[in-house]
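Undergrad: I'd like to go over a predicted model; first the sequence, then the structure.
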Amino acid sequence: MKTFLSKVKRPLVIVGSLSPQDRGPVQNFLARLQVPIYAEAPSGLRESPLLKNYLIHSSENILHDGHFDGVIRMGGVPTLRFWRDLEKKYINWPVLNLNSLPFSGLSRGVIEPINLSCLNEMDVEANKEDWKSFFDLDQKKYREVLNLLEEEKQSEASMIHQLSSLLPKKSRVYLGNSLPIREWDLAATRECREFEIGVSRGVNGIDGQLSTFYGWASPGQENWAILGDLTTLYDLAAPWILPQLPQISTHVVVINNKGGQFFSRLFESKLFLNEHQISFKDWARMWSFEYECWDAIPDKLAKKNGHQIIELLPDPEASQRFWKSYEAMWI
Ligand SMILES: Cc1ncc(C[n+]2csc(CCOP(=O)(O)OP(=O)(O)O)c2C)c(N)n1
């Protein structure tokens, strides 16, 4: 840590997934370090009241604006796009991994795994840099993102934003590939609703996500999954297990944007999208699930037990306009 801080004056902290027992030590350590933090949803710190003055709110695009010269990563391998940029564009930036597993998550660097609970004893000085202009810019951009979410209510990102404010406090929310993970990080409410966020990262497969969610769901709690349509199609047999899990009730939101729209902003060819016109209604009927189809987020949620499928149909044009205006914010 000392060697890293002797080379890096303006570090950025990126926090990936953390186990509940690691959250306290990591949070206290970061409150002492006092540098900007990009906390992904599965870190459990994205809405931390203790860290609110250091959390980046606007989006990962602000990380490219020349404010940093190195990265401290804590927790699991981050999912944000910027992490991949450390392989090329920012190849010269030092990266310090503070994590319990011996995987750097990059093709460079080796890490000495540390038990994150040791952070409580670690001596750390508060960073002395002036971050005011950075946080002023972050707040300004965050207001612009919020305005966009308000303007394009039928866009996928705004639907995630609205849904995140409706889900009951303390819900377990499982995010399955692809856009739901990135869109939740960008657009979900910043209000502290004490969600427990689950993701399955590592091999990054879109297969097995629904099964993972059913296995992760907990009795007596609100269990929600937000999944892409191809991701759901890859695991249609998953509900066979539910009769063996009689105490859980689940809500699965399938964002049916008619293909792998993750690729629509990466490639021009539509071949990458695997477009389709499939509806999930008869699949829900096959398993005797309650089914609803939404083209807008309702004002409130009806309390439901058992198992429910909600097919969400964002307006593709609104989503396109949203992303276009969002990219224009950073030119
Ligand atoms: C088993 C497997 N096959 C292919 C991929 C490549 N892949 C990554 S994202 C993606 C599209 C996912 O589409 P969808 O679930 O509809 O989510 P969206 O991109 O629309 O958010 C694909 C095919 C993968 N990750 N895993």
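TA: Received the coordinates, thanks.

Undergrad: Can you tell me how far the residue of the stretch 51-200 of the chain found nearest the ligand is from Asp185?
TA: The ligand sits closest to Leu179 of the stretch 51-200 of the chain, with a gap of 3.2 Å, by Cβ to the nearest ligand atom. C-beta coordinates here come from the backbone N, C-alpha and C atoms, glycine included. Here Leu179 is placed at a distance of 11 Å from Asp185 (Cβ to Cβ, to the nearest Å).

Undergrad: Need the pLDDT of Val203.
TA: Model confidence at Val203, given as pLDDT, is 66.

Undergrad: coming back round to it: which neighbours do Leu179 and Asp185 share?
TA: With contacts taken as Cβ atoms under 8 Å, 6 or more residues apart in numbering, Leu179 and Asp185 have no neighbour in common.

Undergrad: for the closest residue to the ligand within the stretch 201-331 of the chain, phi and psi?
TA: The stretch 201-331 of the chain approaches the ligand most closely through Gly228 (2.2 Å), counting by Cβ to the nearest ligand atom. Gly228 adopts backbone torsions of phi -70, psi 160, taken as degrees, to the nearest 10.

Undergrad: Hmm, Lys258 and it touching each other?
TA: No - here Gly228 does not reach Lys258: they are 10.5 Å apart, not a contact under Cβ atoms under 8 Å.

Undergrad: Specify which residue of the two has the higher count of neighbours.
TA: The neighbour count for Gly228 versus Lys258, taken as other Cβ atoms under 10 Å, is higher for Gly228 (25 against 16).

Undergrad: which stretches of the stretch 151-300 of the chain form helices?
TA: Ranges of helices in the stretch 151-300 of the chain, per DSSP state H, counting those that start in this stretch, are 156-166, 179-187, 209-216, 229-233, 281-286.

Undergrad: would JSON lines of those helices with mean pLDDT and mean neighbour count be doable?
TA: Listed next are these as JSON lines, based on pLDDT from 0 to 100; neighbours: other Cβ atoms under 10 Å:
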{"stretch": "helix 156-166", "mean pLDDT": "98", "mean neighbour count": "22"}
{"stretch": "helix 179-187", "mean pLDDT": "96", "mean neighbour count": "23"}
{"stretch": "helix 209-216", "mean pLDDT": "97", "mean neighbour count": "20"}
{"stretch": "helix 229-233", "mean pLDDT": "98", "mean neighbour count": "23"}
{"stretch": "helix 281-286", "mean pLDDT": "98", "mean neighbour count": "14"}
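
Undergrad: Compare those helices and give me the one nearest Ile114.
TA: Nearest to Ile114, of all the helices of the stretch 151-300 of the chain, is helix 179-187, at 25.2 Å by Cβ to Cβ.

Undergrad: residue contacts, the closest residue to Tyr291 other than its chain neighbours?
TA: Once flanking residues are discounted, Tyr291 sits nearest to Ala284: 3.8 Å by Cβ to Cβ, 6 or more residues apart in numbering. By Cβ under 8 Å, 6+ apart, the contact list for Ala284 reads Glu290, Tyr291, Ile309, Glu311.

Undergrad: ditto for Ser107
TA: Glu87.

Undergrad: Model confidence score at it, please.
TA: pLDDT at Ser107 comes out at 90.

Undergrad: ditto for Glu112
TA: So, for Glu112, pLDDT stands at 73.

Undergrad: Quick check: the nearest residue to it once chain neighbours are set aside vs Ile114, distance?
TA: Leaving aside its sequence neighbours, Glu112 sits nearest to Pro102 (Cβ to Cβ, 6+ apart; 7.9 Å). Distance, Pro102 to Ile114, by Cβ to Cβ: 10 Å.

Undergrad: Between the two, which is the more surrounded one?
TA: Ile114 (15 against 10).

Undergrad: part of a strand, is that one?
TA: No - looking at Ile114 with DSSP: H, G, I helix; E, B strand; the rest coil, it is coil, so not inside a strand.

Undergrad: and Phe103, what does it touch?
TA: Phe103 neighbours (Cβ under 8 Å, 6+ apart): Val77, Ile111.

Undergrad: Would you map the strands across the stretch 101-250 of the chain?
TA: 172-175, 196-198, 223-228, 250-255 (DSSP state E, counting those that start in this stretch).

Undergrad: Can you lay out those as TSV showing mean pLDDT and distance to Leu50?
TA: Below are the strands of the stretch 101-250 of the chain laid out as TSV (pLDDT from 0 to 100; distance: least, Cβ to Cβ, whole Å):
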stretch	mean pLDDT	distance to Leu50
strand 172-175	98	21
strand 196-198	96	18
strand 223-228	98	26
strand 250-255	98	30
